[in-house]
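Visitor: Sequence and computational prediction follow.
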Amino acid sequence: MTAQDRTVFLSDYQPFTHLVEQVALTFRLSPGATRVTARLSLAPNPARAGRQDLRLDGEGLTLLSLRLNGAPLALTPDETGLTIPAGLLPDAPFTVETEVEIAPEANTALEGLYMSRGMYCTQCEAEGFRKITFYPDRPDVMARFRVRIESDLPVLLSNGNPAGQGPGWAEWDDPWPKPAYLFALVAGDLVAHSAPFTTASGMPVALNIWVRPGDQDRCAYAMDSLIRSMRWDEQVYGREYDLSVFNIVAVDDFNMGAMENKGLNIFNSKFVLASPETATDDDFGRIEAIIAHEYFHNWTGNRITCRDWFQLCLKEGLTVFRDQQFTGDMRSHAVKRIEDVLLLRARQFREDGGPLAHPVRPDSFVEINNFYTATVYEKGAEVIGMLRRLVGDADYARALDLYFTRHDGDAATIEDWLKVFEDVTGRDLAQFKRWYTEAGTPVVKVTEDWDGATYSLTLSQTNPPTPGQPEKAPKLIPVALGLLNPNGDEILPTTVLELAEPTQTFRFKTATRPVPSILRGFSAPVVLERQVTPEERAFLLAHDTDPFNKWEAGRALAKDVLARMVTEGASPGPDWLDALARVAFDETLDPAFRALALRLPAEDDMAATLHAAGIAPDPARIWAERRRMAEAVARHLAPRLPALIDSLAEPGPFTPDARAAGRRALRLAALSLLSRVDGGTAAAAAHAGADNMTEEIGSLACLLDIGQGAAELARFEGRWSHDRNVMDKWFALQIAYAAPDLAARVTTALTAHPAFDWKNPNRFRAVIGALSANHGGFHHASGAGYRLVADWLLRLDPLNPQTAARMSTAFETWPRYDTARRALVQGELARMAGTAGLSRDLAEMVARMRS
Ligand code: PHE
Ligand code: ZN
């Protein structure tokens, strides 16, 4: 069967033939032969007329017995499931009982029931439950689950509330109907870090974070983040928790970040475990955000789930939006917004501009695992941010209240979601809906005019073609605008313009020619095109009252400078260097913001920008010019760097809060610059004196960046070889800082390291993912980077197709580059496509990326 034969279409949706009232599962756990019995209480679905076959999904299951209303049935399953013909089924409610055998220890795909270093765990989203038992594995089939686990392991967990336990067994009962993708089971030798919580209405909840013995002292930050998330969702969205326990389990082998199973979230251990010695500030920030994200899914995902997988953005876009709001409230809205936009542009714009572009709500797929993308998640969150900007905060809150009351217990759609906004505001959102159904990043061109009394701003949108969508209609784009006087005063505070037509002109009375600050807060995920002089950018960098656009002005300046260095061999001029210095040393500004302002444009970003300007980017040259740029900045700022670094030293013990983290970020940015002029003296000293991972690894990065740090790397390995999460950093760092000519060789050497456990997704990503992210190394003219990544994807694919397919997106940017590189990438894609037995996951990705 070819990949195309299995394409699933949104337009083919039909409700399931039957309703599942109740599921009773029993697991007799054994690594090589786990027995699963399932008793499904079913009834014909009144939404489907006539008597229907019952089709149960099931993959890789050995069927031991099958009974219908207690009587044995002799039916043989096929490759993907089991059909009980309509003729055998009664009109009234009935039960189906199955017993199957599965081998969790042989499950390397980490989907279904698998083992991770002696513990059992499950991953069922999106379609993993069918690898556990025969079941209608689709999100619109919601049922109450009762689970019995039999095993000698001390901790046996599943969803819902505990319903009894004894020696060798435990039972769980989940009162909330749920789709199978939210099922979870964990069994292992685990210990809990626990805390009590009382909901706003007074219900006590036992909170537990389950980890391996020895890791329990690294759970405090995750627990604190969980408690703050629970409180925040009560206060901001009026949403309370709904079970007597909330369990989180940390697992070392996991394909994704974490999973929101009802009452039993399962986490990649790197997003739970943290201590100052082992986790960086970025790690702490990610833990806080992911704990919040998974917790917020309890309402946006679990209580209200998705009708089908095309609606994935219904839960993911909204939950990302909510976790972004939460982080902003906990830390800094300005800094959070800048970081989110950096990520959006680096991942989503890149995806939207290449062969893998797809709408926020796709309308077909071959393998749903391939659609857990930056577009569904990050652009999905942007769409909600736009909706909120268009209707205002008060109507957003009213619409969300209506969404929760109207759809609690439902498997809902994007149409349902938009309808609550239409009902609350009376607006017609048909045009807005295009954000969900059309792929591609709109380009908004700006022209302006001032006649002495009136300032006219003309905005024109173009919506570029994407695969399968050659023509597009105009979108409704909220453009937040402010106007500044030449003296820096704000004459128009932030106002949201609604660009709905291909071209529209907006007029403002003003006696002076204003400087516009357009797309404040990045009010829409678009590319803004406007001829701006360096002077005007410098003015906005100094005076814009919108922190995002202030940063954006500096970033645009830096990108202009780097583009001219790459294309014309220009050098950074004193104007830009002075403007940068003013921000770097401005003590009225948040150190985290200053650190972001000092971050130079990424090589991949520069490549995309040059491509958009019609120039085929030369990765080696971008790498070299970016270094020359860093050296120029370093020389310009050098005299004041030591004092800045000293002033940012944190007295007292490490705290992971945003204020302290921001100071460390600026300190390390300054240290990185200073390393380029002091031969690494200060960085070596900082490394030797570091008492936390942020500074330990940050100073090591400074040294590697200037070709030093060999002794420090060796010592680091000796000190941390027992810690998998820390060693991932050790692997990744060396590849990230390898020069383009060396990156493939460094990677090859590290793949021969005894600790390169490539079957562990975190370790695979730390090494192969780091090479894919080393722009100069991956795109090396020799093709060595492409070849090495393709070799490893082909090696991983038979074991873990999901992770192999996700990492194949490294190749999605090939259309940007010169013909020689394009041919090299096409060669690797053809080699992958021609490999016998390629997974459906990787086959789909490769097919979409081939020209
Ligand atoms: N639903 C998870 C989240 O966004 C992500 C995930 C998807 C995890 C598929 C595992 C498998 O929080
Ligand atoms: Zn999610």
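Guide: Structure's in. What do you need? Values in this document were obtained by computation on a predicted structure and should not be read as measured data. Numbering: from 1, shown residues only. Ligands and ions are numbered 1, 2, ... in the order given.
Visitor: which ones are touching the residue nearest to residue 543 when sequence neighbours are not counted?
Guide: Ranked by Cβ to Cβ, 6 or more residues apart in numbering and with sequence neighbours excluded, the top spatial neighbour of residue 543 is residue 488, at 3.9 Å. (Glycine included, C-beta is placed from N, CA and C.) Applying Cβ atoms under 8 Å, 6 or more residues apart in numbering, we find residue 488 in contact with 539, 542-543.
Visitor: Look through this structure and state the residue closest to ligand 1.
Guide: Among the residues of the chain, residue 256 lies closest to ligand 1, at 3.6 Å counting by Cβ to the nearest ligand atom.
Visitor: is it true that that residue touches residue 377?
Guide: No: assessed by Cβ atoms under 8 Å, residue 256 is found out of contact with residue 377, at 11.0 Å.
Visitor: about what we covered before: can you tell me which of the contacts of residue 488 are buried?
Guide: The neighbour count (16 or more other Cβ atoms under 10 Å) marks 539, 543 as buried among the contacts of residue 488.
Visitor: Out of the contacts of residue 488, which is nearest to residue 592?
Guide: Comparing the contacts of residue 488 against residue 592 with Cβ to Cβ places residue 542 closest, at 19.0 Å.
Visitor: circling back to that earlier point, okay, residue 256 and residue 377: which has more neighbours?
Guide: Between residue 256 and residue 377, residue 377 has the larger neighbour count (other Cβ atoms under 10 Å), namely 23 against 19.
Visitor: got the contact list for the more buried one?
Guide: Contacts for residue 377 (Cβ under 8 Å, 6+ apart) come out as 313, 316-317, 320.
Visitor: Put together JSON lines for those residues, with distance to ligand 2, secondary structure and neighbour count on each row.
Guide: Formatted as JSON lines, the contacts of residue 377 follow (distance: Cβ to the ion, whole Å; DSSP: H, G, I helix; E, B strand; the rest coil; neighbours: other Cβ atoms under 10 Å):
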{"residue": "313", "distance to ligand 2": "10", "secondary structure": "helix", "neighbour count": "28"}
{"residue": "316", "distance to ligand 2": "5", "secondary structure": "helix", "neighbour count": "24"}
{"residue": "317", "distance to ligand 2": "9", "secondary structure": "helix", "neighbour count": "27"}
{"residue": "320", "distance to ligand 2": "7", "secondary structure": "helix", "neighbour count": "25"}
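Visitor: Out of those, which two are the most distant from each other?
Guide: So, the contacts of residue 377 by Cβ to Cβ: farthest apart are 313 and 320, at 9.3 Å.
Visitor: Now list whatever residues contact both of those two.
Guide: 377, 380.
Visitor: Could you tell me how many residues sit around residue 416?
Guide: Neighbours of residue 416 under the rule other Cβ under 10 Å: 17.
Visitor: who's in contact with the residue nearest to it when sequence neighbours are not counted?
Guide: Closest residue to residue 416 apart from its sequence neighbours, by Cβ to Cβ, 6+ apart: residue 407 at 6.0 Å. Contact analysis of residue 407 by Cβ under 8 Å, 6+ apart lists 304, 416, 420.
Visitor: show me what contacts residue 570?
Guide: By Cβ under 8 Å, 6+ apart, the contact set of residue 570 is 561, 564.
Visitor: can you do 10 Å?
Guide: Contact analysis of residue 570 by Cβ atoms under 10 Å, 6 or more residues apart in numbering lists 560-564, 625.
Visitor: Which parts of the stretch 101-250 of the chain are helices?
Guide: With DSSP state H, counting those that start in this stretch, the ranges of helices along the stretch 101-250 of the chain come out as 220-237.
Visitor: For this structure, give me the ranges with low pLDDT.
Guide: Scanning the chain for pLDDT under 70 picks out the ranges 1-5.
Visitor: Spell out which residues of it are next to ligand 2.
Guide: Applying Cβ under 5 Å from the ion, we find that the chain lies next to ligand 2 at 316, 319.
Visitor: Tell me the residues of the chain that contact ligand 1?
Guide: 123, 125, 256, 258-260, 293-294, 316, 372 (Cβ under 6 Å from any ligand atom).
Visitor: which one of those residues is nearest residue 96?
Guide: Residue 96 lies nearest to residue 125 out of the residues of the chain next to ligand 1, by Cβ to Cβ, at 23.6 Å.
Visitor: Make JSON lines from the contacts of residue 570 and add distance to residue 16 to it.
Guide: As requested, these are exported to JSON lines (distance: Cβ to Cβ, whole Å):
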{"residue": "560", "distance to residue 16": "56"}
{"residue": "561", "distance to residue 16": "58"}
{"residue": "562", "distance to residue 16": "54"}
{"residue": "563", "distance to residue 16": "54"}
{"residue": "564", "distance to residue 16": "59"}
{"residue": "625", "distance to residue 16": "57"}
